[in-house]
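**Q** any chance you can model this:
(chains A and B)
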Amino acid sequence: MGALGYDHAGELLGRDSHETIHYKRPDGSAYPASECPMLVPRATGETIESDLDWFFRRDGSMFPVSYVSAPLELREGRGAVVAFTDIEARLRAEAVLRERETTLKEEQAALRRVGALAAGGASSEAVFAAVAREVAQVLKLPLVEMSRFDPDGAMTVIGAWSDGPHPFRAGSRWPLDGPTISARVRETGRPARIDDFAGIPGTIAGAVRETGIRSGAGAPIVVDGEVWGVMAAASTGEAPLPDGTEDRLADFTELVATAISTGQARDALARLADEQAALRRVATLVAQGASPEELFASVADEVSRVLRLSLVELCRYEADGTATVIGASGEHPFQPGTNWTLDGPSLTAVVRRTARPARVDDYAALPGAIGDAARKGGVQAGVGAPIVVDGRVWGVVSAGAGAGELVPPEAETRLSEFTALVATAISNTQAREDLRLLADEQAALRRLATLVAEGAEPELVFDAVCRETGRLLAASSVNLVHLTPDGFSHAVAGWSVREVHVPPGTRLPLGEGTIDALVHDTAAPGRVDSYDRATGELADLLRRLGIRSEVGAPVVIEGHVWGVLIAGTDEAEPLPMGSERRLAEFAELIATAVSNATARSELVASRARIVEAADEQRRRVVRDLHDGAQQRLVQAVMTQQRALNYDDLPPALRSLLQEGLMHSRSAIAELRELAHGIHPAILTDHGLGAAVEALADRAPLPVKFEIDDRRYPAAVESAAYFVVAEALTNVAKYAQATSARVGASLTEGCLVLTVEDDGVGGATRAPGGGVSGLVDRLAALDGSLALESPPGGGTRIRAEIPVPVSK
Amino acid sequence: MRVRVLIVDDDVAFRDMVRAELAQRGYDVVGEAGSVADARAVLALLHPDALLLDVHLPDGNGITFAGELLSADGDLRIVLTSTDAAAAPPRLIERSGATGFVAKTEIMVTDLKPYLG
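**A** Residues are numbered from 1 along each chain as shown, chains lettered A, B, ... in the order given. Next comes the predicted model:
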């Protein structure tokens, strides 16, 4: 009764239920009784239930009910009894629940959307802003912002959304100088809330109040265990944010944290992959042995790309304390080829001094030429890493940030990866270059050593050395000079590309200041870097030829400076350091060649002298025999013959005399043979032809001969005669030949001797036999002997004896 | 007419021996010389018909000298001699124009008429 708004039952009894409480539809339209389900039981006897219907109170307001209408058998007939319940409360509760469910669904949907955004990589301002909007809308918050905590104690807004103006623009930086939500979140790593910003000190609090924000809540964004940033919500309303807002925010910050982590990870990975690819590209260039220019330019580009800094250059440090740019990327004054003095604390200077990476955070005030140029080029900040080759600081790679660029953290480390590659390349190139030079040098030395070993004429060796040396040292001219005992420099050989060497044969006094004099005095390799001040004819000649600087090494023979090997250049730049040392190796070869040649000719002369002395001695013996003993014997014979001419000799006496004569004649004959064997007089008196003729006459087989009818030097005739004599003896003894032939002729300065027979062949050179003795005698004269004696094919001996031209 | 002979040899003992022998055989030994130079001088003075000429002279070769003399005067008869029987190759002797060669050891037992005349 109360539900319906009636005071007592009396007001209701007797009235038509439908007409009283159920006469309208909820929308106000009429509800005819015939359609009212409550009355059905009266008609049909069914029981009717209704989950929801509307009754009207006495005051005309309606309320939701659920009822049961059951038939009631009355005396008067059937009636209906209606039992109802006011379900308004229940409906309201159901509505709240439903609302909550919807909110939850929306939140989950928002979470899913944010999750999707996060999965897509929540790393850009737009995405963060989208996340902020989702959170704001689903949590029905007027302002949501997300910030990153910076190392310097401030925070940077990375994304925000609000339905009204607010100061938290993306990119704005806020110091955490007061007990604001962000500060507390950062400190505690836990969600926080401020219900009233009034009286809170600090920059953020001030700005917040200005905007009309009264309360706020925030949750930490924890990435990889660290409080990376904060997601905060604010409200301008009277009432503070609902309880639990910070926790609901935390649901979202978890996703964002994951996204950031993933994004960071992905970024880092992408950066790493990028860097690895860049390093690989550079390493490939290094391995392929690309030219230095190519390599340096490529490194500059890759560094620029990887570090996202547009002003990159590579420099090489010079011996004079400056730096030369060898590669660059970007528009700035530090282009390849430019040279810079290292004044001021520029990156280039600091790296050189410390041999470690360095960075300049602000070029605004950097003094020095490099600082000025950097500012002009728009460099704000920069980082550099040294290129260390073989333990010394060879150069530097610098990357500068232009307007709007930031030098990334760990840039020094990442730059160092590139400088390591460059150092390897330079080292490789240098090593390769050094190796190539060394190989060239060794090859040249080998070629020359072979010449020397083969006993080539000294002139040939000299010319070859000058040529090889000139090429190897890239000199304009090379000269070999002999330093004479009387203080002259005598050019013995020379070579040049442009006819700037001293012509061989030039003989000039040693002059002060020339390399000739220097090496003569010091007996050591040396250099003269400028002939401007040298005096004397030699210096004048050098200046006239255009030679500006020279390097020389001594040719030392038996402890004294025989001569100097000199390499000179007509260019402004003197020959590089180390040239004199390399020259010294070639000078040694020359010393060897000269020594060899001298030794050899001395040896030959010595042997020839020995042979001649022996021959001379033999001739003397023969002469003495002839003039002495032989003549006496002849006299004895003639005397005895005269005696025998007497008529009346007693027979005993005659026979004695005859005996005496016989002995005398024998003696003469023997002496003659002896003398002939030692050295035939006929050879001395009439030459090879006559002597061979005599040999032929005495031979037991026919010997034909064709001998040049000329005289040769005694040693040559001797040697030739004895070859023929020995050969013919062997023919007679072993060959079983029917005939033999002897020939001798002068061919190209050589006496060529041949002895042939048509016998059984098979002759060999037995050691210690007559032939080997001949070979020795021939060798002493630089001659040779060849023996051809195929079994059954006869024997042929060929001797060649050089006939020296008398000087 | 006796054949006038000049003996050219640097061995005095031999010259003595030969002179006696030649004289005994009816030759007129007009002079002696011990060298080519001396021989030239004597030749110019004495104009002998024949020479007994040693191949080995201190200042020259007898065969060469013979050739020289004979090309100047083809009537001269020159006999070459030597201590060494094999001192002169036959061909050279022929070419020189000398009438022959007789070793010193054979002079005493050889008829010299075919050579000296």
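**Q** identify all contacting residues around the one helix or strand A:Ala786 maps to.
**A** Under the criterion of DSSP states H and E, A:Ala786 resides in strand A:784-788. Here strand A:784-788 makes contact (CB atoms under 8 Å, 6 or more residues apart in numbering or on different chains) with A:723, A:763-765, A:771, A:774-775, A:778, A:795-800. C-betas here are computed from N, CA, C, even on glycine.
**Q** pull out the buried residues from those residues.
**A** Those of those that meet the buried threshold are A:723, A:763, A:771, A:774-775, A:778, A:795-800, by 16 or more other CB atoms under 10 Å in any protein chain shown.
**Q** who does the lengthiest strand in chain A touch, helix- and strand-wise?
**A** Longest strand in chain A, counting residues (DSSP state E): strand A:62-74. Contacts defined by 3 or more CB pairs under 8 Å, 6 or more residues apart in numbering or on different chains; DSSP states H and E place strand A:62-74 against helix A:40-44, strand A:48-56, strand A:77-86, helix A:88-119.
**Q** outside of the lengthiest helix in chain B itself, list whatever touches it.
**A** For chain B, the helix with the greatest residue count under DSSP state H is helix B:12-24. Contacting residues not belonging to helix B:12-24 are listed as A:631, A:634-635, A:638-639, A:642, B:5, B:7, B:9, B:29, B:32, B:34, B:52, B:104, B:107-108, B:112 [CB under 8 Å, 6+ apart].
**Q** after it comes which helix or strand?
**A** Toward the C-terminus from helix B:12-24 - assigned by DSSP H and E - lies strand B:28-33.
**Q** close to chain A, is that following strand?
**A** No - if you take CB under 8 Å from any CB of the partner chain as the test, strand B:28-33 misses chain A, and the best it gets is 15.7 Å.
**Q** buried set for the next helix or strand after that strand?
**A** Using DSSP H and E, the helix or strand that follows strand B:28-33 in sequence is helix B:36-46. Buried residues in helix B:36-46, defined by neighbour count with 16+ other CB under 10 Å: B:36, B:38-40, B:42-43.
**Q** helices of the stretch 651-800 of chain A, start to end?
**A** Taking DSSP state H, counting those that start in this stretch as the test, the helices found in the stretch 651-800 of chain A are A:651-678, A:681-698, A:714-730, A:770-780.
**Q** which strands and helices sit next to the longest one?
**A** When you say that, I think you mean helix A:651-678. helix A:579-625, helix A:631-644.
**Q** ranking these by burial, who's on top?
**A** helix A:631-644 (a mean of 20; mean count of other CB atoms under 10 Å in any protein chain shown).
**Q** hmm, back to that, worst average pLDDT in the helices and strands packed on helix A:651-678?
**A** Of all these, mean pLDDT reaches its minimum on helix A:579-625 (a mean of 85).
**Q** give me the neighbour count for the residue lying closest to A:Glu405 once chain neighbours are set aside.
**A** Once flanking residues are discounted, A:Glu405 sits nearest to A:Leu309: 5.6 Å by CB to CB, 6 or more residues apart in numbering or on different chains. Neighbours of A:Leu309 under the rule other CB atoms under 10 Å in any protein chain shown: 26.
**Q** just checking, A:Leu309 touches A:Gly404?
**A** No - here A:Leu309 does not reach A:Gly404: they are 10.9 Å apart, not a contact under CB atoms under 8 Å.
**Q** for chain B, what lies in contact range of chain A?
**A** Residues of chain B lying near chain A (CB under 8 Å from any CB): B:11, B:13-14, B:17-18, B:20-21, B:55-56, B:61, B:63, B:83-89, B:91-92, B:104-105, B:107-109.
**Q** buried among the residues you listed? Make that a ChimeraX selection.
**A** Filtering those down to the buried ones (16+ other CB under 10 Å) takes a single ChimeraX command:
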select /B:11,14,17,18,21,55,56,61,63,83,84,85,86,87,88,89,92,104,105,107,108
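**Q** just the ones in strands from the residues of chain B next to chain A, please.
**A** Short answer: the residues of chain B next to chain A in strands (DSSP E) are B:56, B:61.
**Q** do you know how far A:His663 is from chain B?
**A** 13 Å (CB to the nearest CB, to the nearest Å).
**Q** dump the helices and strands packed on strand A:62-74 to a markdown table, plus mean pLDDT.
**A** Shown next, in a markdown table, are those (pLDDT from 0 to 100):
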| stretch | mean pLDDT |
| --- | --- |
| helix A:40-44 | 79 |
| strand A:48-56 | 84 |
| strand A:77-86 | 80 |
| helix A:88-119 | 79 |
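**Q** include distance to chain B and mean neighbour count when you put the ones you listed into a markdown table, please.
**A** Shown next, in a markdown table, are those (distance: least, CB to the nearest CB, whole Å; neighbours: other CB atoms under 10 Å in any protein chain shown):
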| stretch | distance to chain B | mean neighbour count |
| --- | --- | --- |
| helix A:40-44 | 180 | 15 |
| strand A:48-56 | 168 | 15 |
| strand A:77-86 | 174 | 14 |
| helix A:88-119 | 125 | 13 |
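**Q** circling back to that earlier point, and the contacts of strand A:784-788, which is closest to A:Leu285?
**A** A:Glu800 (63.9 Å; CB to CB).
**Q** partners of that closest one in the sheet?
**A** With DSSP bridges as the criterion, A:Glu800 is bridged to A:Val752, A:Ser784.
**Q** and it, what does it touch?
**A** So, once contact is read as CB under 8 Å, 6+ apart, A:Glu800 ends up touching A:750-753, A:783-784.
**Q** and for A:Phe722?
**A** A:774, A:777.
**Q** how near is it to A:Gly327?
**A** Separation of A:Phe722 from A:Gly327 (CB to CB, to the nearest Å) stands at 81 Å.
**Q** now A:Ala277
**A** From A:Ala277 to A:Gly327 the distance is 19 Å (CB to CB).
**Q** between the two, point out the one with more neighbours.
**A** Neighbour count, other CB under 10 Å: between A:Ala277 and A:Gly327, A:Gly327 has more, with 25 against 13.
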